[in-house]
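Chemist: next one to model:
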Amino acid sequence: MKKRFNKLASILICITFAIFLLFIKDNVGYIWAFICTVATVITPVVYGFGIAYVLSFPFSFFYNKVFGRIKKPWFQKINKPLSLILTYVIVLGLVSFLFANIIPQLIDSITGLVEDFPTIIKSFKDNTSALIQWIGSFGIDTTAFNDINNTIANLLSDLINVKNFNDLSGMLISASFNTVKFLYNWIIGLIFSVYMLASKDFLIRQVKRFCTAFLPTKVMPTLYEIVRVTDDKCGKFMVGKVLDSAIIALLCFICMTILNLPYALLISVIVGICNIIPFFGPFIGGIPSALLLLIIDPWACLKFVIMIFILQQIDGNLIGPKIVGSQVGLAGFWSLFSVILAGGLFGVEGMILGTPIFAAIYTILGKVINKRIVNKGENAERVLNMHMSNGANLTNFSIKHKHKNVKTDAEKTESKDSDKK
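Modeler: A predicted model of the protein is given here:
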C-alpha cells in the first residue's frame, strides 16, 4: 500500500511539474516583464547594498583600527555611530569636492569641444588632404584615400548637424527623465546604505538564522566558505582597482598638462574610469581619446599614445601589483576568458565584476578538486603524473590495476578456504 502511494505521489509531482513548465512557456513574456519590474523596483536597494559594501572597508578601519583601540566603556558605546558618521562625512566630502571642482571643468571641456567641432573637422580635412597630396607626390594612386577621407569627413559632419528638432527634443526629455531616475536611485540607495551599514551585524545574524533554519546543517560550512572567498576576491579587487584607476587618472592629467595636450581633464577622467575594466579598459579609454586627439592634432595624438603606453606599463608592473595585489589569483587566459564571457552576458558591469567573481568560483572549485584528488589516493597521483601522449602507459596502468584487483579477489578466496580448513 505504501509503495503504491509513493508511486502515485511521484506521478502527481511529475504531472504538476510538467503543467508548471507549460505555464511558464505560455506566459514567458509576462513572467519576464514581472521580473524586470521587480528588478527596477529593487534597484535602489541593490545600489544601497553596493554602497554599504564599499564603505564597509573604511567603516571597519575606523571601528576596529582607530577607535577600537580605545577600551573605555563609555567610548565603546559611541564607537559605532562615530565610525559611521566619520565614514560618510569623509566619503561625501570627497565626492562633493570632486563634483564641485571636476564636474564644472568637464562641462566646460565638453561644451568647448562641441563648439570647436566644426573648426576641428575643417582642420582635420585640411590635414588629411595635405597628407593625401604628399602621398600622391610619390606617384601613388590616392583615389581610395580620397574616398576614405570623404567618408570620415561626412560622418564627422553628421555629428554636428541636427536634422530634426523633434528628435532633439525627444532626446532631451529622455535624458532628463533618465537623469532624474538615476539621481533618485542613488539617493534612496545612499539612505539604504546607512541603515545596512549601521545594522550590519544584525542583518548578518538574520541571514545566518534564515539559512540555518531552511538549509541542511552540513552545507553551512561550505556556504560560509563560499561567502568568505567571494568577499575576499571581490571586495579587495574592487577597492584596489578603484584606487588604482584614480591614481592612473591623476597621473594621466599631470602628464597631459605637462605635455600641453588639449582636453586633459576630460580624457584623464575617461582613461581613469575605463581602467577599472580589466584587460580591455586601457584600450576602451585610450583608443577613442587618441582618435579625438588625432582629429585635433596628429602630433598631439602621437605624444598621447606614447604617454599612455608608458603609463600603462607603470600601472601593470608597479602600481597595480602594489595596490590590487595578487588576490585575484587567475592566470592570464582565465582572466581574459572571464572578461569576455561576463562582458558578453552582462555588459560593462559584467566586464568589471567578471574577473573577481570568476576568481572566487575558480578558487572554490580548485579546493573541491584538490580534496577529491587527495581522497582518491596514490592512483590519482599516478594518473596526474602520466603523460597524455603516452597511451601505452595508460593502458598498462589500467591492465595492471585490473589484474591487481583480480589477484586480490583470488587471495581473498584462498584466505577463506584456509580459514575453513
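
Chemist: can you get me a residue count around L190?
Modeler: 18 (other CB atoms under 10 Å). Just so you know, the C-beta spots here come from the backbone N, C-alpha and C atoms, and that holds for glycine as well.

Chemist: any idea which helix or strand carries it?
Modeler: In the assignment (DSSP states H and E), L190 maps to helix 165-198.

Chemist: that helix: what's the following helix or strand?
Modeler: With DSSP H and E, the next secondary element past helix 165-198 is helix 200-214.

Chemist: ok, and what's touching that next one?
Modeler: With CB atoms under 8 Å, 6 or more residues apart in numbering as the test, helix 200-214 has contacts from 52, 56, 196, 220, 223.

Chemist: most neighbours out of those residues, which is it?
Modeler: Neighbour-wise, these (other CB under 10 Å) top out at A52, 22 neighbours.

Chemist: for the helix or strand containing N375, what is the average pLDDT?
Modeler: According to DSSP H and E, N375 maps onto helix 348-376. Confidence over helix 348-376 (mean pLDDT, whole number) is 80.

Chemist: ok, stretch 146-166 next?
Modeler: 63.

Chemist: for the strand or helix carrying W334, which helices and strands make contact with it?
Modeler: In the assignment (DSSP H and E), W334 maps to helix 332-346. If you count contacts as 3 or more CB pairs under 8 Å, 6 or more residues apart in numbering; DSSP states H and E, helix 332-346 packs onto helix 348-376.

Chemist: show me what contacts the closest residue to P58 other than its chain neighbours?
Modeler: Spatial nearest neighbour of P58, excluding adjacent residues (CB to CB, 6 or more residues apart in numbering): T87 at 5.0 Å. Residues near T87 by CB under 8 Å, 6+ apart: 55, 58-59, 62, 197.

Chemist: got the buried residues for the helix holding L190?
Modeler: 185-186, 189-190, 192-194, 196-197 (16 or more other CB atoms under 10 Å).

Chemist: next one: the helix holding N375 to chain centre, how far?
Modeler: The chain centroid and the centroid of helix 348-376 are separated by 15 Å, computed with CA atoms, centre = their mean, to the nearest Å.

Chemist: what angle separates it from helix 332-346?
Modeler: 130 degrees (axes from the mean of the first three to the mean of the last three CA atoms, to 10 degrees).

Chemist: I'd like the next helix or strand past helix 348-376.
Modeler: Next element after helix 348-376 (DSSP H and E): helix 378-384.

Chemist: show me what that following helix is packed up against.
Modeler: Checking 3+ CB pairs under 8 Å, 6+ apart, helix 378-384 ends up next to helix 348-376, helix 391-420.

Chemist: list the buried residues in the shortest one.
Modeler: So the one you mean is helix 348-376. 350-360, 362-364.

Chemist: looking at the contacts of T87, which two lie furthest apart in space?
Modeler: F62 and L197 (11.5 Å; CB to CB).

Chemist: could you list the low-pLDDT ranges of the stretch 251-400 of the chain?
Modeler: Scanning the stretch 251-400 of the chain for pLDDT under 70 picks out 323-332, 387-400.

Chemist: ok, back up a step: the helix holding L190: how far from the chain's middle?
Modeler: 22 Å.

Chemist: against which helices or strands is that helix packed?
Modeler: helix 43-60, helix 73-101.

Chemist: one step back: with distance to W299 added, can I get the buried residues of helix 165-198 in a markdown table?
Modeler: What follows is the buried residues of helix 165-198, written out as a markdown table (distance: CB to CB, whole Å):
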| residue | distance to W299 |
| --- | --- |
| N185 | 44 |
| W186 | 41 |
| G189 | 45 |
| L190 | 45 |
| F192 | 50 |
| S193 | 47 |
| V194 | 51 |
| M196 | 51 |
| L197 | 50 |
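
Chemist: which of the residues you listed lies closest to I120?
Modeler: Of those, the one sitting nearest to I120 (CB to CB) turns out to be W186, at 34.1 Å.

Chemist: could you list which residues are in contact with that closest one?
Modeler: 44, 47.

Chemist: rerun at 6 Å
Modeler: Shown in contact with W186 (CB atoms under 6 Å, 6 or more residues apart in numbering): Y47.

Chemist: just to revisit the earlier point, any idea which of the helices and strands packed on helix 165-198 is most buried?
Modeler: helix 43-60 (a mean of 18; mean count of other CB atoms under 10 Å).
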